[in-house]
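Peer 1: what follows is a predicted structure for the sequence shown.
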Amino acid sequence: MITTDIIIIGAGPTGLFAVFEAGLLKLKCHLIDALPQPGGQCSELYPKKPIYDIPGYPEILAGDLTDKLLEQCKQFEPGFTLGERADHIEKQDDGTFIVTTNKGTQHQAPVVAIASGLGSFEPRKPDLPNITDFEDKGVEYMIKEPEMYRDKKVIIAGGGDSALDWSIFLSDVAASVTLVHRRNEFRGHLDSVEKVQELKNQGKINLITPAEVTAIKGADKVEALEITKKDADPVLIETDHFIPLFGLSPKLGPIANWGLEIEKNAIKVNNALDYQTNIPGIFAIGDGNYYPGKLKLILCGFHEATLMCQAAYKIINPGKRYVLKYTTVSGVDGFDGTRKEAPKAVVKAIE
Amino acid sequence: MEQDVAITIIDREGVSHSIEAPTDMAMNLMEVVRSFELAPEGTIGVCGGMAMCASCQCYVLSDHELPEMQDDEEAMLSEAFYVKDNSRLGCQIQMTPEMEGLKVELAPES
């Protein structure tokens, strides 16, 4: 069991800044994110794109903003559970919450802050009626264990970087690799596209374009796929695995079943006070919350995170006095023993 | 308003909406749909309009001459689902006076 003061669900900009604000109040945080790296949308969707409305930064790349937020909160030693999705929450008799991920990792804290943005990023599934029957029986939306494809027949579908990169990688591992894409053009790094071209010429990748997987055949597991080329009759190709790689799309997911009030696909909060949800002790901050006048902006998430931390302090330290301090005046004392502070003013008489 | 264009949007439930979209606010079709709340928040314009998610995919039903597809839109549509020959991403269609009479249908959520 991981114990902390605030469990933050979502390691995007809002969640990361909450770590810093909590740290100023001597509260420890642990972040859970379904993605394998921190940064949320900023690192997953558009790390190389500029943002122009972060106060103080006329222009900053989304990936750089993530790096700076990580650096800013580093001295407060946040914990991370990455690549796992927060699935269950359970309130304990002592008022704390236990949050359990899809992989069974458990976290306990008196306060939970949901900074989940648009939701957790889930693989987009192709529209084939029986595809869910074959999940983990030959259909995988993500490659976790490349070794499981050794000497197997594999069909990959998709036209982006992950489809290209995995086709290249598995061409050395699998018995055969077939790449199916709806168009002749691929969207990926130029060298990946060229490498696939080269492997195709060598006969190491069987490229079928423009085509689509139109049916999955098999008794208990995937045995063959029906592939239909544009303006041609469908053909059946034997395979052990079907790996559709069509990118990720955010879904609210299991959080929708936590008993929280939902409005406009987001979690309703009290914006007059502290961004608390209808369940005391659970807050929602950033793009994932809703209140009248809500704007889904990173800068609004920063503000919401700051106010949430003040309310969390009161829950965790009932009755304990506190006044707002300015970092310029008080400095920043990290949990790692570091201290940042403004240089002392020089006092010297002029003769 | 004088600078508005009349367009028709068929939502995901099949309901047709005739609306007046402003041309002077640098809005694209995805943003028009959101501003008129014709699709639930969180189901359209997920990536914010970067042609990176296809949640604003629509079928163009009128024969308007639309701005030519850029590489990123074409690539996104090549990976999206429910794509037809008349598919476009709403976020790549700017509201200009030439859009007067435009008729589109929102593609299913995916």
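Peer 2: Nice, I can see it.
Peer 1: write out the residues of chain A neighbouring chain B.
Peer 2: A:41, A:45-46, A:49, A:118-119, A:124, A:126-127, A:158-160, A:181-183, A:185, A:187, A:246-247, A:249-250, A:252, A:264-266, A:290 (CB under 8 Å from any CB of the partner chain). The way it works is simple: take the backbone N, C-alpha and C, and place the C-beta from them, glycine included.
Peer 1: narrow those residues to those in helices?
Peer 2: Counting by DSSP state H, the part of the residues of chain A next to chain B found in helices is A:Gln41.
Peer 1: so which of the residues of chain A next to chain B are in strands?
Peer 2: A:Ser249, A:Pro250, A:Ala266, A:Tyr290 (DSSP state E).
Peer 1: how about the strands in the stretch 51-200 of chain A?
Peer 2: Here the stretch 51-200 of chain A has its strands, by DSSP state E, counting those that start in this stretch, at A:60-61, A:79-82, A:86-91, A:97-101, A:106-109, A:111-114, A:120-123, A:153-157, A:176-180.
Peer 1: so what's A:Thr277 up against?
Peer 2: A:Ile114, A:Leu260, A:Glu261, A:Ile267, A:Lys268, A:Val269, A:Asn270, A:Phe283, A:Ala284 (CB atoms under 8 Å, 6 or more residues apart in numbering or on different chains).
Peer 1: pull out the buried members of these.
Peer 2: A:Ile114, A:Leu260, A:Ile267, A:Lys268, A:Val269, A:Phe283, A:Ala284 (16 or more other CB atoms under 10 Å in any protein chain shown).
Peer 1: ok, B:Glu74 - how many residues close by?
Peer 2: 16 (other CB atoms under 10 Å in any protein chain shown).
Peer 1: tell me which helix or strand it sits in.
Peer 2: Taking DSSP states H and E as the definition, one finds B:Glu74 inside helix B:71-79.
Peer 1: which outside residues touch the following helix or strand past that helix?
Peer 2: For helix B:71-79, the following helix or strand on the C-terminal side (DSSP H and E) is strand B:87-89. For strand B:87-89, contacts defined as CB under 8 Å, 6+ apart pick out B:30, B:51, B:54, B:56-60, B:66, B:69, B:73, B:76-77, B:80, B:104, B:107.
Peer 1: inside helices: which ones of the residues you listed?
Peer 2: B:Met30, B:Glu73, B:Met76, B:Leu77.
Peer 1: isn't the second one up against B:Ile93?
Peer 2: Read it as B:Glu73. No: between B:Glu73 and B:Ile93 there is no contact under CB atoms under 8 Å: 9.6 Å.
Peer 1: circling back: which of the strands of the stretch 51-200 of chain A comes out lowest on mean pLDDT?
Peer 2: Per-stretch mean pLDDT for the strands of the stretch 51-200 of chain A is lowest at strand A:120-123 (a mean of 84).
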